[in-house]
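Student: Need a 3D model of the sequence below.
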Amino acid sequence: MAVTYTKRYEKEDAPRIGVVMNSIGAFYEEGKQLGEQAFIKLLDECKEKGIIAADSIIYPGRVFGAHDAWKIVDEFSGAKLDAIVIFNSAFPCGHLLPVISQAPHLRNLPIILAAYEEPNEPLGLHDWATNAVCGNDMNMHDALYMKRYVRYLAGAPGSEAFDNEFAMLMNVYRVVRKLSRVYLGRFGDGPGGFHSATGDQLLFARIFGLIVETVDLLRVYRVYQDMATEGTAGKASFTEEDVQKTVAEFKAGRINLVKDDEMLYRVARFYHALIAICKAEGFNVASLRCWPEISEPPLQVAGCLAIGWATAKRDVDAFACEGDWPGAVAQAIAGWLSGKPAAFVDFVDWTAKRDIVKLAHCGIGLCGYMAPNDPKVMAQIEREGGVSEELRAKILAGEVVVNDGLDTHSHMHDLAGRHIGQLMYGPKTGVDLVQTPEGGLQMLAFSGESSEETNQGVLYCACDMRVKNYQKLDEIKRTRGFSHHLIAALDNIVPELRDLCAFYGIDFVTPDD
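Tutor: Numbering: from 1, shown residues only. Below is the predicted model:
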């Protein structure tokens, strides 16, 4: 059975794992080989597809006993692994899991326990062939007693369920590594009253390993003016030609209601100023205090289009607005797990009202990831300001695919610019990550589907999605204290988020169960 897990992988980004076969000397050799060969076949396929790194370590032979376990520790400790897999090919000794779990250089790594199902019938036996699953159960007793994260992967290698769940876990542990190297640029503080945007930086450092650095908004204005900056990672600059090119890209393939090119010019220059600072400092995730300062002179822009553009183009892995840097962390997680950029949105309506839940924000659309030629949005745009006859004719003839629209920021003094329309149709996940009063983190995740049928046709960046247990969702977000901000991921990543939270000890809450 081939792996059909559909999340996107980049081979150079694949996790490097260490695999060890664990077995007692007894039981049937044929049964051990059956399981080991099926698992190695899966590993070879995962290497070929970039699901695991090509230089992942498969320890030769089988191990048994404490002395073998210490050899594994020596082999794995300096290998810069992202995860360890213990494959019990027959009933194992009780020492490998405890020794690896407590080794100083391996203590924070995720461990997967796996085995082959009892192969009596395929081998024509009436006795235990391997008793390997019993070994898994014994190992999980050890892990829980030692309060050590170990993921039990049930089933048999070669089955669709096992192979795809293994691939999913590799995606999760790839994100664990990426989170430990986040350098988050926080442009300004959270606006007054937006307490979910403050965040405990040391809590996030303790759980994920990420670092937060603050950038004064005055620096953004200086770089906007000077077109150059220098930071801890080096120098960065942009040119007038770069700005004009971005303005042209803004307009290409979009319904453009921004009649004043000077407004789009300011947004493009603002975008380049933000990205220049990110490059100079080495930020791979960012948040912006997008009001009230930058909406006033001398900049007088709305940040929506600029930060949505940066996210969609993968200049950074996430860029949140309203100073919500904890939200930017959730946005990065959602983007990495889904393989597509994730959108930063609000709960904008009473979620217990009906099964279509409206998620939206001012105008942080994602270029290339919007619903094309959205008839409801196009109709409302025409009512608001009209589309040129030339563009309308090209759209109707199929010569132009309009992925989204550009509009002024009407509820903030007609500022440019906002990037409006529905996010691309299909499966979605809402994700909200907040601190708890007890000093930990909790995550809300819920799945749904957006389509032309669910589209409410409102002029903002939106993800109107149908949610099955919408009343339970409403109860959870109110009673558990989740914020009004959340992330819209462009896929169903609830299973991945569940495992990610299990690894970190984050309280995971979902109405999907």
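Student: can I assume residue 322 sits in a helix?
Tutor: No - under DSSP: H, G, I helix; E, B strand; the rest coil, residue 322 sits outside any helix and is assigned coil.
Student: so what's it up against?
Tutor: Contact analysis of residue 322 by C-beta atoms under 8 Å, 6 or more residues apart in numbering lists 190, 191, 194, 197, 288, 289, 290, 291, 485. The C-beta positions use only the backbone N, C-alpha and C, and glycine is treated the same way.
Student: which one among the residues you listed gets closest to residue 122?
Tutor: Residue 122 lies nearest to residue 485 out of the contacts of residue 322, by C-beta to C-beta, at 52.4 Å.
Student: Tell me, how many residues neighbour the closest one?
Tutor: 24 (other C-beta atoms under 10 Å).
Student: what do you get for residue 252?
Tutor: Residue 252 has 11 nearby residues by other C-beta under 10 Å.
Student: For it, give its distance to residue 452.
Tutor: From residue 252 across to residue 452, the span is 24 Å (C-beta to C-beta, to the nearest Å).
Student: next helix or strand past the host helix or strand of residue 68?
Tutor: Using DSSP states H and E, residue 68 falls within helix 65-77. Scanning forward in sequence from helix 65-77 by DSSP H and E, the next helix or strand is strand 83-88.
Student: CA-only coordinates of that next one, as CSV, when you get a sec.
Tutor: The C-alpha coordinates for strand 83-88 follow below in CSV (Å, rounded to 0.1, in the frame of the first residue of the first chain):
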residue,chain,number,x,y,z
ALA,A,83,12.3,11.7,16.2
ILE,A,84,13.0,8.1,17.2
VAL,A,85,11.0,5.0,16.1
ILE,A,86,11.2,1.8,18.1
PHE,A,87,9.8,-1.1,16.0
ASN,A,88,9.1,-4.1,18.1
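Student: what angle sits between that strand and helix 65-77?
Tutor: 150 degrees (axes from the mean of the first three to the mean of the last three C-alpha atoms, to 10 degrees).
Student: Sheet partners, orientation included, of strand 83-88?
Tutor: Sheet pairing here is set by DSSP bridges, and for strand 83-88 it gives strand 17-22 (parallel), strand 111-115 (parallel).
Student: So what touches it?
Tutor: Counting by C-beta under 8 Å, 6+ apart, 15, 17-23, 35-36, 39, 76, 92, 96-97, 100, 106, 109-115, 132-133, 135-136, 139, 169-170, 173 sit against strand 83-88.
Student: Would you indicate which residues of it are buried?
Tutor: The neighbour-count check on strand 83-88 (16 or more other C-beta atoms under 10 Å) flags 83, 84, 85, 86, 87, 88 as buried.
Student: need the strands for the stretch 301-450 of the chain, in chain order.
Tutor: Secondary structure of the stretch 301-450 of the chain, counting by DSSP state E, counting those that start in this stretch: strands at 319-320, 343-347, 356-361, 404-409, 415-422, 426-435, 441-450.
Student: and what of the stretch 151-300 of the chain?
Tutor: Under DSSP E, counting those that start in this stretch, the stretch 151-300 of the chain gives strands at 183-187, 211-215, 228-231, 234-237, 254-256, 285-288.
Student: pretty sure residue 94 contacts residue 141?
Tutor: No - contact criterion C-beta atoms under 8 Å: residue 94 and residue 141 do not qualify, at 9.2 Å.
Student: Can you get me a residue count around residue 317?
Tutor: Residue 317 has 21 nearby residues by other C-beta under 10 Å.
Student: Next, work out how far apart it and residue 372 are.
Tutor: From residue 317 to residue 372 the distance is 25 Å (C-beta to C-beta).
Student: same check, this time on residue 210
Tutor: 35 Å.
Student: cool, residue 97 as well?
Tutor: For residue 97, the distance to residue 372 - C-beta to C-beta - is 51 Å.
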